[in-house]
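**Q** Pasting a predicted model and its sequence here:
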Amino acid sequence: MLKAIPFIMLDGKAAEAIRFYEEALGATVVFKQTFGESPGGENFSSEEQERLAHSVLRIGDTQLFTADIGSDFPYKEGNQVNICLTTADVNQSRQFFQALQQGGQVNIPLGEVHFSPAYGVVTDHFGVTFQIFTVKPHN
């Protein structure tokens, strides 16, 4: 399994964008989680707890991810749309990450997080930002 999913990153406006895409595109929310609802969410400020950590929208046969940029990855014009490479294979995620960082920049090192055994963010030498996301195995 390998998917390349558009990922829209916003600065506190992700919930507003979701409502807009529901209306404008007939999007359906499949998943939504705030920073406050995620593990360790109590450690965020009350303002940051309300920000959207991740959402999955379905538009027809496609997915669109939307979230608010966290404090560890500052918002700037030009980084609103990322490509999320999604795979179930940790080794494939490592290969993608290693290849994309050549001549580029590591934004978040590839590593295990609560939602993925291997997740990281890298901007390639063309300035395109990729989120590498490995799906947790279902036990």
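**A** Yes, it's here.

**Q** Give the rounded mean pLDDT of stretch 108-117.
**A** Across stretch 108-117, pLDDT averages out at 95.

**Q** List the buried residues for the helix or strand hosting R19?
**A** Following DSSP states H and E, one finds R19 within helix 14-25. For helix 14-25, burial by neighbour count (16 or more other CB atoms under 10 Å) applies to A14, A15, A17, I18, Y21. To be clear about C-beta, it is placed using only N, CA and C from the backbone, and glycine gets the same treatment.

**Q** nearest to A67, of these?
**A** Nearest to A67, judged by CB to CB, of the buried residues of helix 14-25 is A14 at 5.5 Å.

**Q** Which residue, neighbours along the chain excluded, lies closest to that closest one?
**A** L52 (3.9 Å; CB to CB, 6 or more residues apart in numbering).

**Q** give the contact list for that neighbour.
**A** Residues in contact with L52 (CB atoms under 8 Å, 6 or more residues apart in numbering) are A14, A15, I18, K32, Q33, T34, F35, T66, A67, D68.

**Q** Would you double-check that V30 falls in a helix?
**A** No. Applying DSSP: H, G, I helix; E, B strand; the rest coil, one finds V30 to be strand, outside a helix.

**Q** What is the neighbour count of it?
**A** By the criterion of other CB atoms under 10 Å, V30 has 11 neighbours.

**Q** host element of the nearest residue to it once chain neighbours are set aside?
**A** Closest residue to V30 apart from its sequence neighbours, by CB to CB, 6+ apart: V56 at 4.3 Å. Assigned by DSSP H and E, V56 belongs to strand 52-59.
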